[in-house]
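**Student:** test case, fold it:
(2 chains)
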2 protein chains.
Amino acid sequence: MKLKYAIVGTGALGGFYGGMLAHAGNGVHFLFHNDYDFICKNGLMVDSVLGNFHLQNINAYYSTSQMPKCDVVLVCLKTTNNIILKKILPPLLHPKTCVILVQNGLKIEEELATSFPDLSIAGGMAFICSNKIGEGHINHLDYGKITIGSYQGENKKLLEQVCNDFIAARVQAEFTGDLEKSRWKKLIWNIPYNGLCVVLNTTTEQLMNNPKTYELVRDLMLEVLNAANICGIRIRESFVQEMLDSTRIMKPYAPSMKLDFDFKRPLEIRAIYSSPLAEARSHGFEMKKVSMLEQQLQFIQDSYLK
Amino acid sequence: MKLKYAIVGTGALGGFYGGMLAHAGNGVHFLFHNDYDFICKNGLMVDSVLGNFHLQNINAYYSTSQMPKCDVVLVCLKTTNNIILKKILPPLLHPKTCVILVQNGLKIEEELATSFPDLSIAGGMAFICSNKIGEGHINHLDYGKITIGSYQGENKKLLEQVCNDFIAARVQAEFTGDLEKSRWKKLIWNIPYNGLCVVLNTTTEQLMNNPKTYELVRDLMLEVLNAANICGIRIRESFVQEMLDSTRIMKPYAPSMKLDFDFKRPLEIRAIYSSPLAEARSHGFEMKKVSMLEQQLQFIQDSYLK
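**Tutor:** Numbering: from 1, shown residues only, chains lettered A, B, ... in the order given. The predicted structure follows:
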């Protein structure tokens, strides 16, 4: 049986992943906000290293109250907007719906479970360079793999089917049996690059080319790795070098937080920095450089948001 | 017997301290660089909270080779220029000359002693808000106290006389028997404010008004204090709160490193950050947040200097 998908938040991630699923013939229902009128007229354009495509007639909605109940909801919002999930998710849910948070950070599934205690929740980690470059226009630059894991351990079968749908749609996908570990591994990349690109107003490439910031990126990665290990998540130290090496050969890329900064949007400080800091502190470990990055980011955000 | 003074580097500090000494009738010989022609024509203007004054006929020089030998040389250059001292100091020195490095940072007297093993060396710490605001034009905004101490312990009498000359010239001055301790105390202020004003492109006032950067400033101060204590320099922890409180009531002020950044000049990273970091590491202590600030500053400087 084919799964029915909802995409909540059709931006850089939702537009790419939902677009690929729809392009491959899956039933996908997209929630739009500002782009809704444009999409109805012009459809969705995805420029991708896997090949460009254009979806003229897509199932576009302006409100979840108009959408059908779906088997799988891919939440591709920024975590800074998660406050609205409590209100907008219910129309999409049938008793077996699984909501996958394709987002960065820690503790986000836990927060959603507080609002929806009986909901089947999963997490998705996207290792992708993708930007929204205009109305209804996504630019997928590099990578694209999505890793999906269950929050409470249930629904393995369904999530594996989701992975298979992605793979059939030419998106690399992997089921993980340890969501918490995958989230920490993602943080090892996100924490240094997102924050430093904002604080130093620069790109991943510049950070890697300067010996002092290369060293700082590695220091930050090792702090996160140590925190994970102290929290009982075993990640081997060689993973840090793998991340450095794969970033070295990545196309010059502005991480999502840098784009949020450039467009004066709220930064995902809480999910990416404050929650991991709190988790590590609750185990008696202080990530000092990560803490400094959080302090600097908060100052920067406070300077442009009221 | 009156002391004969040389001022090497007549900027925000040299212009104020030398100007005050000259204004009070001391024999002061000033070395100028870019401002030399202007000064010969127009003299030196000091706008000061202690009262403005103008020195029309001052002993101005373009090269130390034209200057007389002096009893006291106040070096008011940036430490980034200390490389030239080896070449320019000798004409100023008689066998009993004392050279006072009125500069920020650590290990600077040690470095000068390497070039001049027999020289009498002292250090001066200026707690002052003063800027050079135009050719031959100094603006002294607040504070002004200078603390002077001997590097090797000799010359106490002479340095006390220097302090008395300053006091007679209405400049607060104090002799310290522990130069190393005074240097570390100065670092407790310099390390957070100089670096953060550059990295976050802001002012001391903004740093103090935001709760996250207030916390970060205090974290950095406590790291420096801990490093000092581990290096055998006893500074009580209440000194951190004193520094925070006195900065809170300070007029909004751009620290010298912020001005260097704004004018794309070299930053005093080595004296203010790298040397204290190395000193603490040699005692087995890593100042993690200070280290991150050094890494960020080096990246920023590398981005605008070749």
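**Student:** would you map the helices across chain A?
**Tutor:** A:12-23, A:36-42, A:85-88, A:108-115, A:156-168, A:179-199, A:204-209, A:211-230, A:238-248, A:256-262, A:269, A:275-282, A:288-304 (DSSP state H).
**Student:** elements contacting the fifth one?
**Tutor:** This points to helix A:156-168. Counting contacts by 3 or more Cβ pairs under 8 Å, 6 or more residues apart in numbering or on different chains; DSSP states H and E, helix A:156-168 packs against helix A:12-23, strand A:70-75, strand A:93-102, strand A:137-150, strand A:173-176. Every C-beta, even on glycine, is put in place using the N, C-alpha and C of the backbone.
**Student:** give me the mean pLDDT for that helix.
**Tutor:** Helix A:156-168 shows a mean pLDDT of 97.
**Student:** please save the CA atoms from it in PDB.
**Tutor:** As requested, the backbone C-alpha atoms of helix A:156-168 are provided in PDB (Å, rounded to 0.1, in the frame of the first residue of the first chain):
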ATOM      1  CA  LYS A 156      10.100   0.500  12.500                       C
ATOM      2  CA  LYS A 157       8.200  -1.100   9.600                       C
ATOM      3  CA  LEU A 158       6.600   2.100   8.500                       C
ATOM      4  CA  LEU A 159       9.900   4.100   8.700                       C
ATOM      5  CA  GLU A 160      11.600   1.500   6.600                       C
ATOM      6  CA  GLN A 161       8.900   1.800   4.000                       C
ATOM      7  CA  VAL A 162       9.500   5.600   4.100                       C
ATOM      8  CA  CYS A 163      13.200   5.000   3.500                       C
ATOM      9  CA  ASN A 164      12.300   2.700   0.600                       C
ATOM     10  CA  ASP A 165      10.100   5.300  -0.900                       C
ATOM     11  CA  PHE A 166      12.900   7.800  -0.700                       C
ATOM     12  CA  ILE A 167      15.400   5.400  -2.300                       C
ATOM     13  CA  ALA A 168      12.900   4.600  -5.100                       C
END
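**Student:** not counting its own residues, what contacts that helix?
**Tutor:** A:3, A:17, A:20-21, A:24, A:26, A:71-72, A:96, A:98, A:100, A:120, A:122, A:146, A:148-150, A:172-175, A:177 (Cβ atoms under 8 Å, 6 or more residues apart in numbering or on different chains).
**Student:** same thing but at 6 Å, please
**Tutor:** A:24, A:26, A:72, A:98, A:122, A:148, A:150, A:173, A:175 (Cβ atoms under 6 Å, 6 or more residues apart in numbering or on different chains).
**Student:** of those, closest to chain B?
**Tutor:** A:A122 (32.8 Å; Cβ to the nearest Cβ).
**Student:** can you name the residues bridging to the closest one?
**Tutor:** Counting by DSSP bridges, A:A122 is bridged to A:I100, A:S150.
**Student:** surely it meets A:Q152?
**Tutor:** No. Using Cβ atoms under 6 Å, A:A122 makes no contact with A:Q152, being 9.1 Å away.
**Student:** more neighbours, those two?
**Tutor:** A:A122 (27 against 12; other Cβ atoms under 10 Å in any protein chain shown).
**Student:** next up, the contacts around that one.
**Tutor:** By Cβ under 6 Å, 6+ apart, the neighbours of A:A122 are A:98, A:100, A:148, A:150-151, A:159.
**Student:** please pick the buried ones from the residues you listed.
**Tutor:** A:98, A:100, A:148, A:150-151, A:159 (16 or more other Cβ atoms under 10 Å in any protein chain shown).
**Student:** not counting sequence-adjacent ones, nearest residue to the residue nearest the centre of chain A?
**Tutor:** Central residue of chain A (Cα atoms, centre = their mean): A:Q103, 2.9 Å from the mean position. Distance criterion Cβ to Cβ, 6 or more residues apart in numbering or on different chains; nearest residue to A:Q103, sequence neighbours excluded, is A:T79 at 5.1 Å.
**Student:** what distance do you get for that neighbour to A:E268?
**Tutor:** 5 Å (Cβ to Cβ, to the nearest Å).
**Student:** so stretch A:252-272, near chain B or not?
**Tutor:** No. Stretch A:252-272 lies apart from chain B when judged by Cβ under 6 Å from any Cβ of the partner chain; the minimum separation is 9.7 Å.
**Student:** who touches that stretch?
**Tutor:** A:78-80, A:104-105, A:108, A:129, A:190, A:193-194, A:197-198, A:203-205, A:297-298, A:301, A:304.
**Student:** please redo it, this time with the cut-off set to 7 Å
**Tutor:** Stretch A:252-272 has contacts (Cβ atoms under 7 Å, 6 or more residues apart in numbering or on different chains) with A:78-80, A:103-106, A:108, A:129, A:131, A:141, A:187, A:190-191, A:193-195, A:197-198, A:203-205, A:294, A:297-298, A:301, A:304-305.
**Student:** next: stretch A:280-292.
**Tutor:** By Cβ under 7 Å, 6+ apart, the residues outside stretch A:280-292 that reach it are A:191, A:219-220, A:223-224, A:226-227, A:230-231, A:273, A:277, B:216, B:288-289, B:292.
**Student:** buried among these? Need that as a selection in PyMOL.
**Tutor:** The following PyMOL line selects those of the contacts of stretch A:280-292 that are buried, judged by 16+ other Cβ under 10 Å:
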select buried, (chain A and resi 191+219+220+223+224+227+231+273+277) or (chain B and resi 216+288+289+292)
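**Student:** so of the contacts of stretch A:280-292, which two are at opposite extremes in space?
**Tutor:** A:C231 and B:L216 (24.1 Å; Cβ to Cβ).
**Student:** how far away is the nearest residue to A:G19 once chain neighbours are set aside from A:T10?
**Tutor:** The shortest distance from A:G19 to any non-neighbouring residue, by Cβ to Cβ, 6+ apart, is to A:V46 (4.5 Å). Here the criterion is Cβ to Cβ. By it, A:V46 lies 11 Å from A:T10.
**Student:** the more surrounded of the two?
**Tutor:** A:T10 (30 against 23).
**Student:** verify the stated contact: the more buried one with A:F32.
**Tutor:** Yes. If you go by Cβ atoms under 7 Å, A:T10 and A:F32 touch, sitting 5.3 Å apart.
**Student:** what touches both of the two?
**Tutor:** Common neighbours of A:T10 and A:F32 (Cβ under 7 Å, 6+ apart) do not exist.
**Student:** follow-up on the earlier one: TSV please, covering the helices and strands packed on helix A:156-168 and showing mean pLDDT and distance to A:I235.
**Tutor:** Shown next, in TSV, are the helices and strands packed on helix A:156-168 (pLDDT from 0 to 100; distance: least, Cβ to Cβ, whole Å):
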stretch	mean pLDDT	distance to A:I235
helix A:12-23	97	24
strand A:70-75	98	25
strand A:93-102	98	21
strand A:137-150	95	14
strand A:173-176	97	13
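**Student:** what's the neighbour count on A:A271?
**Tutor:** 24.
**Student:** report the distance from stretch A:265-281 to the chain centre.
**Tutor:** Centroid separation for stretch A:265-281 versus its chain: 14 Å, with Cα atoms, centre = their mean, to the nearest Å.
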